[in-house]
Structure formats: structure tokens, C-alpha cells
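Participant: Can you look at this prediction? I've put the sequence above it.
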Amino acid sequence: MTILQTERLRLEPFCDAHIDGLTELNRHPEVMRYITGKPATRDDTIAMIELVKPRWVQYGFSWWSFFEKSSNDLIGAGCIQYLGRDPANPHEIGWRLRPDKWGQGFAMEAAIAMANFAFDELHAPELVAVCMPENTSSSGVMKKLGMTYRGQERWYDMDTAVYGMSADAWRNRSETASSAEK
């Protein structure tokens, strides 16, 4: 199973050892406000981990826990999910962070690592991301990532703002960023 590394984060596949940290993350009403609308219980978190573990075995990707390297604390979670039920949108990227870590660039750092994995390792043709229309923090990360707004669509039994990015757009974004750094 793939562990991703960034300058400040280590992204580890969900496992039973993450139950306490993920329960802490998902218990925050602010974190879950735009996901389920209510805090998750420990049992909800255990069920989520049990759902995700077979996906890692079957597909080789799913949900990661985000660990801050400086503290080794679990500060967030994110995914590349295979959406085989929807051939038009085969891979979804998503993330969530503890409220005390908002606005510090962690979501963007993790999103870049996950997008690189999806496009370079999985050869995903496109990534999509969804959020509640009023979740401007998450849509802001999507825009900074280089994703384009596609409009509102029905996902997860709710109306969501949908963003997308092709592999070519990601490569062009990466090349433009590399050229600007030189």
C-alpha cells in the first residue's frame, strides 16, 4: 500500500491504528458540516475504515490519513476514490482537515501529492472533486489545484459543486509551475 510523502506530511492508508485519530478528526462538527452534516461517532469511523481497507487491497488506492511530520499527529484525511459506478468520472479526489490546521496549506500540499499519484501512478485520465456550493474553503483548494468548475451536479444524494481536471491540464500546470520556478 502506497505511503505518500510531502515536505510536512506523511499520507498513510487507513488502518485500524488510525481509529483514534480519525475519530478525533470526524467528531468535529466543523469538519463534517459539508460532508454528512453531523459529527461522526467512533462506530461510524470504524465502519468507514472497514469499508476502505478492501479498496486498498482491490484497487491499490483509496483513503489516506494525513500525519503532520513535525508532531506525528493525525491532522486530516484524503482520498483518490475509484468511481467505477460512473465511467464518466472514474477518479475522485477529496480531503478534510482538523479545524486547527485550516488555512496553513496542508490541504493543498496533500491534494498535490494525491493528484500526482493519480495522474502519474494510476494514469487517471481525469480527476473530479465535489463540495457543497457554500464550502468556499474546499472549492478554493480545487481552484488552486487547477481544477475547473463544471457546475452543480447531484452527488451523494445532494446538490454539489463539481470541479474537474484532465491529466493533460495537470501536466501543463506542473510544467508551467516548474518553468516559473526557474
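Facilitator: Structure received. Here the structure is a predicted model, which means the values were calculated and not measured.
Participant: you'd agree R55 is in a helix?
Facilitator: Yes - with DSSP: H, G, I helix; E, B strand; the rest coil as the criterion, R55 is part of a helix.
Participant: contacting residues around the nearest residue in space to it that is not next to it in sequence?
Facilitator: Excluding its sequence neighbours, the residue lying closest to R55 (C-beta to C-beta, 6 or more residues apart in numbering) is S62, at 3.9 Å. In short, each C-beta sits where N, CA and C put it, glycine included. Each residue near S62 by C-beta atoms under 8 Å, 6 or more residues apart in numbering is listed here: 13-14, 52, 55-56, 79-82.
Participant: For S62, give me phi and psi.
Facilitator: In terms of degrees, to the nearest 10, the main-chain angles of S62 are phi 180, psi -120.
Participant: do the same with the one 4 residues further on
Facilitator: When read as degrees, to the nearest 10, the backbone of F66 gives phi -100, psi 120.
Participant: Okay, the residue nearest to it when sequence neighbours are not counted and K143: tell me how far apart.
Facilitator: In space, not counting the residues next to it along the chain, F66 is nearest to G76; the distance is 3.8 Å by C-beta to C-beta, 6+ apart. Look at G76 and K143: by C-beta to C-beta, to the nearest Å, they are 19 Å apart.
Participant: just R154 next, same as before
Facilitator: Summarising the geometry, the distance separating R154 from K143, computed by C-beta to C-beta, is 22 Å.
Participant: which stretches of this protein form strands?
Facilitator: 4-5, 9-13, 63-68, 73-82, 91-97, 126-131, 148-155, 158-166 (DSSP state E).
Participant: Show me what the mean pLDDT comes to for the last one.
Facilitator: Yep, that's strand 158-166 we're talking about. For strand 158-166, the per-residue pLDDT values average out at 91.
Participant: check contacts around the residue nearest to F66.
Facilitator: For G76, the set of contacting residues under the criterion of C-beta under 8 Å, 6+ apart consists of 25, 65-66, 95-98, 101, 106-107, 110.
Participant: what about 7 Å?
Facilitator: By C-beta atoms under 7 Å, 6 or more residues apart in numbering, the contact set of G76 is 25, 66, 95-98, 101, 106, 110.
Participant: For stretch 54-71, what does the pLDDT average out to?
Facilitator: Stretch 54-71 comes out with an average pLDDT of 95.
Participant: Enumerate the positions of it that are buried.
Facilitator: For stretch 54-71, the neighbour count (16 or more other C-beta atoms under 10 Å) marks 55-56, 61-68 as buried.
Participant: repeat for stretch 44-53
Facilitator: Under the neighbour-count criterion of 16+ other C-beta under 10 Å, stretch 44-53 has 44-45, 48-49, 52-53 buried.
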